[in-house]
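Peer 1: predicted model follows, preceded by the sequence.
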Amino acid sequence: MKRALLLIPLAIFLVVAGFLYKGLFLDPRDIGTTMIGKPLPAFSLPSVEDPARTLTTADFNPGEPALVNVWATWCPTCRAEHAMLNRLAGQGVAIYGINYKETGDARRWLSELGNPYRLNVADPQGSLGFNLGVYGAPETFLIDKNGIIRHKYVGAIDERVWRQQLAPLYQELLEQ
């Protein structure tokens, strides 16, 4: 009986060690989402460029695959990825923006750095971001031609991320 009691802490240790070992091989950027395979959440929010104009989910459904990028002027990583988004937009990639919990002047920021977004919705309270399961900025969703979310990427999109991860998925959606 005493021997069996001594094995219990060893078994607990082995289980915990197994979970920790598995964690060494997980991607910390892959925080998952329950939104894969679901449409963009319904929204009705003002446009960043023209606050008198209300944008809805229908405006973000162009009939072609697109990136939906969550960004803000307070986000230094968003600034770092912005040139890449401008480059992709110049290559014809459809990009829509969600200006998330903005505290600065988004219009001036876009005027100075360029505007890669076909449309850009202001989400000052973070309600759309919350419904998408956004943890922060930048986060980018890849949607298909029907507005269904097919992939989520957390962090800055750079040349490597685009080439290795997002471009193949985008191309696959273009061919469907």
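Peer 2: On my side now, so go ahead. These numbers were taken from a predicted model, which means no experiment stands behind them.
Peer 1: just after the helix or strand bottoming out on mean pLDDT in the chain, pick out the following helix or strand.
Peer 2: Ranked by mean pLDDT, DSSP states H and E, the weakest helix or strand in the chain is helix 2-23, scoring a mean of 61. Next helix or strand after helix 2-23 toward the C-terminus (DSSP states H and E): strand 44-46.
Peer 1: neighbouring strands - and their directions - for that following strand?
Peer 2: strand 54-56 (antiparallel) (DSSP bridges).
Peer 1: what residues sit buried inside the partner strand?
Peer 2: Residues of strand 54-56 classed as buried by neighbour count (16 or more other Cβ atoms under 10 Å): Leu55. In short, each C-beta sits where N, CA and C put it, glycine included.
Peer 1: kindly report the same for stretch 94-112.
Peer 2: Of the residues in stretch 94-112, 94-102, 106-107, 109-110 count as buried by neighbour count, 16+ other Cβ under 10 Å.
Peer 1: could you do stretch 35-47 as well?
Peer 2: Buried, per 16+ other Cβ under 10 Å, within stretch 35-47: Met35, Leu40, Phe43, Leu45, Pro46, Ser47.
Peer 1: give the contact list for Leu128.
Peer 2: Pro41, Phe43, Leu45, Ile98, Val121 (Cβ atoms under 8 Å, 6 or more residues apart in numbering).
Peer 1: tell me which helix or strand comes right after the host helix or strand of Phe130.
Peer 2: Counting by DSSP H and E, the element that carries Phe130 is helix 127-132. Using DSSP H and E, the next helix or strand after helix 127-132 towards the C-terminus is strand 139-143.
Peer 1: which elements pack onto that next one?
Peer 2: Other elements packing on strand 139-143 under the criterion 3 or more Cβ pairs under 8 Å, 6 or more residues apart in numbering; DSSP states H and E are strand 66-71, strand 149-154, helix 167-175.
Peer 1: please state the offset of the second one from the chain centre?
Peer 2: This points to strand 149-154. Centroid separation for strand 149-154 versus its chain: 6 Å, with Cα atoms, centre = their mean, to the nearest Å.
Peer 1: need the residues that contact it.
Peer 2: Looking at what lies outside strand 149-154 - Cβ under 8 Å, 6+ apart - the contacts are 29-31, 33, 35-40, 135, 138-144, 161, 165-166, 169, 173.
Peer 1: C-terminal to it, what's the next element?
Peer 2: That would be, after strand 149-154 and using DSSP H and E, helix 159-161.
Peer 1: with the first one instead?
Peer 2: If you walk from strand 66-71 toward the C-terminus, the next helix or strand you reach (DSSP H and E) is helix 76-90.
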